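Colleague: Give me coordinates for this.
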Amino acid sequence: METSDAAAMTHLEGAEEQLSRLFGSYKAEWLRERIFDLFTEPAYFPELLTARPCMLVGGRGTGKTTVLRCLSYEGQFVLSGRDSKATSSAEYYGIYYRVNTNRVTAFRGPELTEPEWTKLFAHYFNLVLCDLVLQFLRWYQLYTTHPIALPPEACALVGSALHLPLVSSLAGLETSLRANLVEFEAYINNVEDGPRPLLSIQSGPIDLLLEAVIQHPAFHGKLFFFLLDEYENLEDYQQQVINTLIKHAGQWYSFKVGVKELGWRRRATLNPNEQLISPADYVRINIPDHLSGEKFKAFAKKVCNDRVHQLRYADHPPITDIAWALPGYSDEAEAEALGVVGETESVKEELGGSATLHEQDILQHLSPLQLYFLRSWARVENRSLQDVFHAFRNDRVEWDTRYDNYKHALLYTIRRRKRGIRKYYAGWDVFTQLAASNIRYLLELVDQSLLMHLRNERPLSEPVPQDTQTHAARYVGRKNLSELEGLSVHGAQLTKLLLGLGRVFGVMAANPLGHTPEVNQFHLIDNGREIGAREPSEDEVEPILNAAVMHLALLRHPGSKLVAETDTREYDYMVHPIYAAFFEFSYRRKRKMAISSRELLDLIRAPKRAIRDILDRSNRTEEDEPLPEQLRLFEAYYRGGS
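Modeller: Residues are numbered from 1 along each chain as shown. Okay, the predicted model is just below:
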């Protein structure tokens, strides 16, 4: 027996290790070279292959890093099966650079003025890009065995442009440039203590180097892409420096930039009157727009199936279809799983006693959820059940529409105020909606579902039960909530804001009848105009909302007016669906409510009062809804404020 248990434990540990390897490395940075083996080409990938600059916009986890790294020369080499001929015949070569916060934040401080920092950073970026090109040439020689030599005069010109010692060979240029780059970084860290080095003109050395490279027979007619990742890490003036490079890039190279939504804070070049404008200067690829709905579902399914096909556990066959492994419920089936039949046993009896044959036939064909709807409507309208049923019978079109509007919302009420699962979040379709076009979130949901399934001693040859999926969805929501605090200087505020909004929408979800159902969005209003109170300034609200959008605490969608990207008041905001299972509200993008700037800030500063005030306006009260078990860890927050 002990041997059998030990063997089972060994198999489980092996399966958990595989899951961690295939699904647990949610960040592209953790996968290293395996990122290329697991790459699935998204639908927008061909748009990146043109000569035009591209801005790839999306939140963390939407796949920007993966795509850029797979566009790089290393990525293309691995994806081609390490075929040196494919490398030699490639039409483009991508050179990847991740903006390192440690480096770029060194170029700020009171020691120098911003114009002085700008000149230093422009020179530094010349050094960085030239160094990356030289690294590529060395790599190319190594993996294609084609020797690359540039004319001595070209090497000397590039060296002169960067104020390097006289060089006449590619190897000498690389060695000298690397040493100069290290010295320059050391100087920046001690910028007050020594004489300023000579600086290069922006883009000059890059143009000279790539002009020489393109003239080599191996690179005739080829394109070079600089792939800049995490653009939001740059200082504002640094974005202007690189914006200038993007707008005036030489004919031999272009830029593909990955940036979080709202992370591109400056659109101007170093000429403040010159802006980068789409589509004249670049192509904007907004990942959620390109990978939404069925497109995201198909993309995500391929990503997950490529992984689960490699998963082996004991003697069980591998999972062939992730959608099969994650079954969901229809609304009617979920209602029965939540116990609706027990809630409606008396409804047929009460109505059947005096029903005509025709009415009995109608009753016979109603689902338990429909009966529950009629009973609930009668209670909220303070009418008799017979009266509501007769109205239902006499105008089926109107009542069927009403039922369709409320049937999903009713699921949040069946186990209201009860312990345990009060709403299921399960099924492949539901998981893709919880992820909201974010592939990292989807991988987390799948990973945790399969992991909990195994730990419950269930084989992978069986689908994951809906309750296990629900617990996994709660866990992922809780985990991402706890991680918000470390993502931004506004992290603690974002956590409190989510706790407040989640509680408001959770209470509303538990009490939808007589109200607008499935409220999970809001737009900002200025209550000061209505009640004469001074509203907080935009300077207080905008940074919090922008940080919430950038770090995926909130999603935002344009409101009814066409507005600038920075106009916070004309957008509709939605708590990211990944948190829906944790707070128990609808993950579907449905209806919205108005919240004032003051209420938004009070959710952070005085949550008890703010939650009460917002709910009062919708004729609901928090006292009617005890905290779900998973929120009791945050009771101190919910008691905060008056």
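Colleague: By residue count, tell me the biggest helix in the protein.
Modeller: helix 114-144 (DSSP state H).
Colleague: And that one, what's buried?
Modeller: Under the neighbour-count criterion of 16 or more other Cβ atoms under 10 Å, helix 114-144 has 117-134, 136-137, 140, 143-144 buried. All C-beta atoms are positioned from the backbone trio N, CA, C, and that covers glycine.
Colleague: export stretch 123-132 as PDB, just CAs?
Modeller: What follows is stretch 123-132, C-alpha atoms only, in PDB (Å, rounded to 0.1, in the frame of the first residue of the first chain):
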ATOM      1  CA  HIS A 123      24.100  59.100 -27.400                       C
ATOM      2  CA  TYR A 124      23.500  56.200 -25.100                       C
ATOM      3  CA  PHE A 125      20.800  54.800 -27.400                       C
ATOM      4  CA  ASN A 126      23.000  55.200 -30.400                       C
ATOM      5  CA  LEU A 127      25.600  53.000 -28.600                       C
ATOM      6  CA  VAL A 128      22.900  50.500 -27.600                       C
ATOM      7  CA  LEU A 129      21.400  50.000 -31.100                       C
ATOM      8  CA  CYS A 130      24.800  49.900 -32.700                       C
ATOM      9  CA  ASP A 131      26.000  47.300 -30.200                       C
ATOM     10  CA  LEU A 132      22.900  45.200 -30.900                       C
END
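Colleague: Pull the distance from it to the chain's centre.
Modeller: Taking Cα atoms, centre = their mean, to the nearest Å, one finds the center of stretch 123-132 at 31 Å from the center of the full chain.
Colleague: Would you mind pulling the contact partners of it?
Modeller: By Cβ atoms under 8 Å, 6 or more residues apart in numbering, the list of residues contacting stretch 123-132 from outside reads 95, 97, 107, 158, 161-162, 174, 177-178, 180-181, 184-185, 188, 199-200, 202-206, 209, 226, 241-242, 245.
Colleague: what residue ranges in the stretch 1-150 of the chain score low on pLDDT?
Modeller: 1-14, 24-39 (pLDDT under 70).
Colleague: now the chain
Modeller: By pLDDT under 70, the low-scoring segments of the chain are 1-14, 24-39, 313-316, 527-538, 560-569, 641-642.
Colleague: so residue 374 makes contact with residue 343?
Modeller: No. In this structure residue 374 lies outside contact range of residue 343 using Cβ atoms under 8 Å: 11.8 Å.
Colleague: Quick check: residue 513 vs residue 404, distance?
Modeller: Going from residue 513 to residue 404 by Cβ to Cβ, to the nearest Å gives 14 Å.
Colleague: For the stretch 51-200 of the chain, just list every one of the strands.
Modeller: Ranges of strands in the stretch 51-200 of the chain, per DSSP state E, counting those that start in this stretch, are 54-57, 92-98.
Colleague: Each with direction, which strands does the shortest one pair with?
Modeller: Within its sheet, strand 54-57 is paired with strand 253-259 (parallel), strand 283-286 (parallel), according to DSSP bridges.
Colleague: where exactly do the strands run in the stretch 301-450 of the chain?
Modeller: According to DSSP E, counting those that start in this stretch, the stretch 301-450 of the chain contains no strands.
Colleague: Report the contact partners of residue 271.
Modeller: Residue 271 makes contact with residue 244, according to Cβ under 8 Å, 6+ apart.
Colleague: Which of the helices or strands spans it?
Modeller: Of the helices and strands defined by DSSP states H and E, none includes residue 271.
Colleague: Check the gap between it and residue 104 for me.
Modeller: For residue 271, the distance to residue 104 - Cβ to Cβ - is 22 Å.
Colleague: can you check residue 235 too?
Modeller: 6 Å.
Colleague: Likewise for residue 436?
Modeller: From residue 436 over to residue 104 (counting by Cβ to Cβ), the distance is 30 Å.
Colleague: Which of those two has more residues huddled nearby?
Modeller: Using other Cβ atoms under 10 Å as the criterion, residue 436 and residue 104 rank with residue 436 on top: 22 against 17.
Colleague: ok, now which ones touch the more buried one?
Modeller: 288, 555, 576-578.
Colleague: Rebuild those as CSV, extending it with secondary structure, neighbour count and distance to residue 612.
Modeller: Shown next, in CSV, are these (DSSP: H, G, I helix; E, B strand; the rest coil; neighbours: other Cβ atoms under 10 Å; distance: Cβ to Cβ, whole Å):
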residue, secondary structure, neighbour count, distance to residue 612
288, helix, 17, 34
555, strand, 22, 26
576, coil, 23, 24
577, helix, 25, 26
578, helix, 27, 27
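Colleague: Could you identify the pair within the residues you listed that is furthest apart?
Modeller: 288 and 578 (13.4 Å; Cβ to Cβ).
Colleague: Please report phi then psi for residue 574.
Modeller: phi -130, psi 130 (degrees, to the nearest 10).
Colleague: thinking it is in contact with residue 552, fair?
Modeller: No. Between residue 574 and residue 552 there is no contact under Cβ under 8 Å: 11.0 Å.
Colleague: Looking at those two, which is more packed in?
Modeller: Legend: neighbour count by other Cβ under 10 Å for residue 574 and residue 552, higher for residue 552 (25 against 20).
Colleague: Okay, and that one sits in which element?
Modeller: Residue 552 belongs to no helix or strand, assigned by DSSP H and E.
Colleague: just residue 627 next, same as before
Modeller: Residue 627 belongs to no helix or strand when assigned by DSSP H and E.
Colleague: can you pull out the helices in the stretch 101-250 of the chain?
Modeller: 101-104, 114-144, 152-161, 170-188, 204-214, 236-247 (DSSP state H, counting those that start in this stretch).
Colleague: In contact with the closest residue in space to residue 224 that isn't next to it in sequence: list those residues for me.
Modeller: Nearest residue to residue 224 in three dimensions, chain neighbours excluded: residue 253, at 4.2 Å (Cβ to Cβ, 6 or more residues apart in numbering). Residue 253 sits next to 206, 210, 223-226 when contact means Cβ under 8 Å, 6+ apart.
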